[in-house]
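> Fold the following for me, if possible:
(one chain, ligands or ions: 2)
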Amino acid sequence: MGEQDTPTGPQTEPGAAKRRLGVMGGTFDPIHHGHLVAASEVAAQFQLDEVMFVPTGEPWQKSHKTVSPAEDRYLMTVIATAENPQFSVSRIDIDRGGKTYTIDTLRDLRSMHPDTDLFFITGADALGQILTWRDAEELFSLAHFIGVTRPGHTLADPGLPEGGVSLVEVPALAISSTDCRARVAAGDPVWYLVPDGVVRYIDKRELYRGE
Ligand SMILES: Nc1ncnc2c1ncn2[C@@H]1O[C@H](COP(=O)(O)OP(=O)(O)OP(=O)(O)O)[C@@H](O)[C@H]1O
Ligand SMILES: O=C(O)c1ccc[n+]([C@@H]2O[C@H](COP(=O)([O-])O)[C@@H](O)[C@H]2O)c1
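Ligands and ions are numbered 1, 2, ... in the order given. Predicted structure coming up:
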């Protein structure tokens, strides 16, 4: 368990407002400003105390793609979020091993943070896939889901439980990790699409060059 996975505050006094923890899962290969703006906007709109970024271990629905080593994706996520006191990064999905299922992420976080309300943040594309996730029907009993707008995708919640999902408009950034990887491979800049430290990390580790 990483240092940042320790419980984030004292137990809630009876009658006191519960802590509100946002959870943003992703492959983050690499993390980009679309992720960061979405998390920041949801934190403000939902009065979250913290947003925890949770890089996937093995993203099973991306098994047909080449995914960078988990440690590289984790470190880029740490670099990108380090300056924001409201943001943290968890290793739980990486350290659990095996394929990553959000049902496990949320069960683990609920037991680590019992007096906390969980808000799972997803882009419109991921929200549209949620019924294909493992134990999809149980997910909504563990966290409130927040679907955010993303250019090129329609934000909707058909088939999802009433009251289980909020749909939120966030500033539109037409950035994807796929496009960032393709730009690096082509020798094009990714400055200002990803945080500066992530540009330097990609360069230092020579990520995406051969793709
Ligand atoms: N530009 C964006 N605006 C809003 N949400 C986003 C944006 N990019 C990613 N997300 C959301 O962030 C979460 C993690 O995304 P992920 O790490 O897969 O990035 P990605 O850009 O979609 O990657 P890839 O292009 O490799 O599929 C998902 O819920 C996704 O919908
Ligand atoms: O639980 C599942 O079966 C499941 C299937 C696909 C994706 N997810 C989660 O959705 C989040 C975004 O995933 P991705 O692959 O779009 O980066 C991340 O937290 C994944 O673990 C979860």
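
> drop to CA atoms for contacts and neighbour counts, all remaining ones
Noted.

> where do the strands sit along this protein?
Shown for the chain, the strands assigned by DSSP state E span residues 19-26, 50-55, 87-89, 116-123, 144-148, 165-168.

> Relative to Val37, which of those is closest?
Val37 lies closest to strand 144-148 among those, at 10.5 Å (Cα to Cα).

> Against which helices or strands is the closest one packed?
Counting contacts by 3 or more Cα pairs under 8 Å, 6 or more residues apart in numbering; DSSP states H and E, the secondary-structure elements packed against strand 144-148 are strand 116-123, helix 124-128, strand 165-168.

> and among these, the most buried is which?
With neighbours taken as mean count of other Cα atoms under 10 Å, the helices and strands packed on strand 144-148 reach their highest mean count in strand 116-123, at a mean of 23.

> quick one: that strand to strand 19-26, angle?
With axes from the mean of the first three to the mean of the last three Cα atoms, to 10 degrees defining the directions, strand 116-123 sits at 30 degrees from strand 19-26.

> Please say whether there is contact between strand 116-123 and ligand 2.
No: for strand 116-123 and ligand 2, the contact criterion (Cα under 6 Å from any ligand atom) is not met; the two come no nearer than 6.8 Å.

> How about that strand and ligand 1, touching?
Yes: applying Cα under 6 Å from any ligand atom, one finds strand 116-123 in contact with ligand 1 at Thr122, Gly123.

> which residues touch that strand?
18-25, 39, 42, 110, 142-150 (Cα atoms under 8 Å, 6 or more residues apart in numbering).

> contacting residues around Asp98?
Actually, residue 98 is Gly rather than Asp. Counting by Cα under 8 Å, 6+ apart, Gly98 has contacts Gly57, Glu58.

> same thing but at 10 Å, please
Gly98 is in contact with Thr56, Gly57, Glu58, Pro59, Trp60, counting by Cα atoms under 10 Å, 6 or more residues apart in numbering.

> Any residues of this protein in contact with ligand 2? List them.
25-27, 56, 59, 61, 100-103, 126, 133-134.

> Of the residues you listed, just say which sits nearest to Arg183.
Within those, proximity to Arg183 (Cα to Cα) peaks at Thr27, which comes in at 17.8 Å.

> Out of the contacts of strand 116-123, which end up buried?
Neighbour counting over the contacts of strand 116-123 (16 or more other Cα atoms under 10 Å) leaves 19-25, 39, 42, 110, 142-150 as the buried ones.
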